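>>> fold the stuff below for me.
(one chain, ligands or ions: 1)
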Amino acid sequence: MNYDLPPEYNALRRMIREFCEEEIKPLAHHIDESGVVESDLLRRLGALGFLGVPFPREYGGMGAGELGYCIMMEELNRASPSVATIIGAHIGIGVMSMYLDGSKALKDKYMPDLCSGKMICAFALTEPNAGSDAAAIQLRATLEGDSYFLDGQKMWITNGPIADVINVLAITDPSLGARGGATVFAVESKWEGYSTGKPERKMGLHGSPTSLLNFDSVRVPKENVVGQIGLGFVTFMKTLDIGRVSLGAATLGGAQAALEMCVRWARTRQQFGRQIAHMQSIQFMIADMAAEIEALRALVYRTAWLVDNGRPFIKEAGMCKLLGSETASRCIDRAVQIHGALGLSRDFPLERAFRDARISEIFEGTNEIQRLVIASELMREVGVRLRP
Ligand code: COS
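Reported below is the predicted structural model:
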């Protein structure tokens, strides 16, 4: 379970795994059935410092960097993908966008409460007409005196119904469009004119609340601009790059959990008078899973290392998300096959894992977008600029 990482990361993993085994895993089925992650669980995760794992201590974080954060996401997703998704949206893209480009004053204002779990964060990019084409956003921010007024809608926003602070990308200069005329704003959900739609009913991740956000002339003081006016698109693209690494880590945890279930089942299940582990058809599936997971682990940990050491990582981040989500889907699918009818039972975790895994190929940039990002980076290295 240590995977040859330095001792401080092993200690972090042990701490998180213990919490997951005792406090999250026993609730995972109930979370799926009820569609709710109790806010008390998030508060307790915050009190233990888990909601600030990657961030420096000066902002209330744990200072464990991207690698520490990836280890946490891996462990959380092993226990409950719904809980992992709430925390991934909160830390990995929500708080991250503020941490990357926000002013010190803004970070001082919000990050300690976000890292302690007193406040929950969301990242709002997607709109009715802007998904993969992120630059097509229309939500408008108009400057009047010392404030901006936000008008428009965001949709499919993870943590939408529970977020206290939402980092929102809005058009501030329509003549420049999103690529030079969009800005990020930190909006508090209690402000007048802000409201959310009812939670979306999804195939999986039932405990991770997702909704539409409405902005009806929401007044945002100038101090809540995140980063520079007009450079919000870049802030959001950089945030998504980092988010893709930890998303890869989460899928790694999901795939690993499926493999462990298969190994246990191959030892206990008897058919044709012997453990199914002795059958080559089962061995081949388990071996393929193990090999793919090991390759994914190496990629995710190396990419996290690139992030922590200030090296370029955009291409590798796309690979983490692409390979991770497809590996997890494939491994969980094989696990269902190995478990036979039990794999389809709603009383056994694989059916839930199967439904929960599917979205990883879609959210935070579809896998088609990841292929485009990887190809763009490859071609950029030889001086060719690709357009979507
Ligand atoms: N890091 C830093 N800056 C970046 C960047 C990145 N990864 N990607 C783009 N930028 C900046 C650059 O400044 C770029 O200009 P130059 O390269 O000319 O200097 C500018 O933003 C515009 O970039 P580009 O023209 O490549 O943007 P596109 O509109 O063509 O979009 C894709 C590119 C498709 C990759 C982008 O729209 C995307 O990632 N889409 C998916 C969005 C997504 O993940 N949605 C999921 C919902 S949010 S959870």
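
>>> okay, CA-based contacts and neighbour counts for the rest of this
Noted.

>>> count the neighbours of whichever residue of the chain sits closest to the ligand for me.
Residue nearest to the ligand within the chain: Gly365 (3.1 Å; Cα to the nearest ligand atom). Neighbour count for Gly365, taken as other Cα atoms under 10 Å: 21.

>>> please shift the residue numbers so they start at 30 in all later answers.
Noted, 30 is the first residue going forward, which turns the last one into Gly394.

>>> need the pLDDT of it.
Listed pLDDT for Gly394 reads 95.

>>> after the strand or helix carrying Asp61 comes which helix or strand?
Assigning secondary structure by DSSP states H and E places Asp61 in helix 57-63. Sequence order places helix 68-76 as the next helix or strand after helix 57-63, per DSSP H and E.

>>> buried residues in that following helix, which are they?
Leu71, Arg72, Leu74, Gly75 (16 or more other Cα atoms under 10 Å).

>>> quick revisit: show me the contacts for the residue of the chain closest to the ligand.
Applying Cα atoms under 8 Å, 6 or more residues apart in numbering, we find Gly394 in contact with Ser161.

>>> apart from its neighbours in sequence, what residue is nearest Leu351?
Leaving aside its chain neighbours, Leu351 sits nearest to Asn396 (5.4 Å; criterion: Cα to Cα, 6 or more residues apart in numbering).

>>> residues contacting Gly117?
Counting by Cα under 8 Å, 6+ apart, Gly117 touches Met102, Gly272, Ser275, Leu276.

>>> how about 10 Å then?
Neighbour list for Gly117: 80, 98-99, 101-102, 105-106, 110-111, 123-124, 151, 187-188, 272, 275-276, 279 [criterion: Cα atoms under 10 Å, 6 or more residues apart in numbering].

>>> now, these that are in strands?
Counting by DSSP state E, the contacts of Gly117 place Ala151, Thr187 in strands.

>>> just the buried residues from the contacts of Gly117, in ChimeraX please.
A single ChimeraX command suffices to select whichever of the contacts of Gly117 are buried according to 16+ other Cα under 10 Å:
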select :80,98,99,101,102,105,106,110,111,123,124,151,187,188,272,275,276,279
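
>>> hang on, the earlier thing: which one of the buried residues of helix 68-76 is nearest Tyr38?
Leu74 (17.8 Å; Cα to Cα).

>>> next one: the residue nearest to that closest one when sequence neighbours are not counted from Gly369, what distance?
Distance criterion Cα to Cα, 6+ apart; nearest residue to Leu74, sequence neighbours excluded, is Leu80 at 6.4 Å. Plainly put, Leu80 is 38 Å away from Gly369 if you go by Cα to Cα, to the nearest Å.

>>> just Leu276 next, same as before
29 Å.

>>> before we move on, back to that, these two touch, right, the residue nearest to Leu351 and Glu355?
Yes. Between Asn396 and Glu355 there is a contact under Cα atoms under 10 Å: 8.7 Å.

>>> what residues are shared contacts of those two?
Ser389, Glu390.

>>> just to revisit the earlier point, ok so the residue of the chain closest to the ligand is a helix residue?
No. Secondary structure of Gly394 (DSSP: H, G, I helix; E, B strand; the rest coil): coil, not part of a helix.

>>> that one and Ser374: what is the separation?
Taken as Cα to Cα, the span from Gly394 to Ser374 is 31 Å.

>>> what does Trp334 give?
To Ser374, Trp334 is 39 Å away according to Cα to Cα.

>>> with neighbour numbers in mind, choose between these two.
More crowded of Trp334 and Ser374, by other Cα under 10 Å: Trp334, with 17 against 14.

>>> the strands in this structure, which residues?
Using DSSP E, strands in the chain cover 150-153, 169-173, 176-187, 194-200, 211-217, 223-225, 239-250, 254-255, 299-300, 303-304.

>>> wait, Ala211 touches Thr171, no?
No. With contact defined as Cα under 10 Å, Ala211 does not reach Thr171; the gap is 11.2 Å.

>>> shared neighbours, these two?
Common neighbours of Ala211 and Thr171 (Cα under 10 Å, 6+ apart) are Ala199, Ile200, Thr201, Asp202.

>>> in JSON lines: those, plus pLDDT and distance to Pro35.
JSON lines is the format used below for the shared contacts of Ala211 and Thr171 (pLDDT from 0 to 100; distance: Cα to Cα, whole Å):
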{"residue": "Ala199", "pLDDT": "98", "distance to Pro35": "42"}
{"residue": "Ile200", "pLDDT": "98", "distance to Pro35": "44"}
{"residue": "Thr201", "pLDDT": "98", "distance to Pro35": "45"}
{"residue": "Asp202", "pLDDT": "97", "distance to Pro35": "47"}
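
>>> let me know the closest of the residues you listed to Glu50.
Of those, the one sitting nearest to Glu50 (Cα to Cα) turns out to be Ala199, at 40.6 Å.
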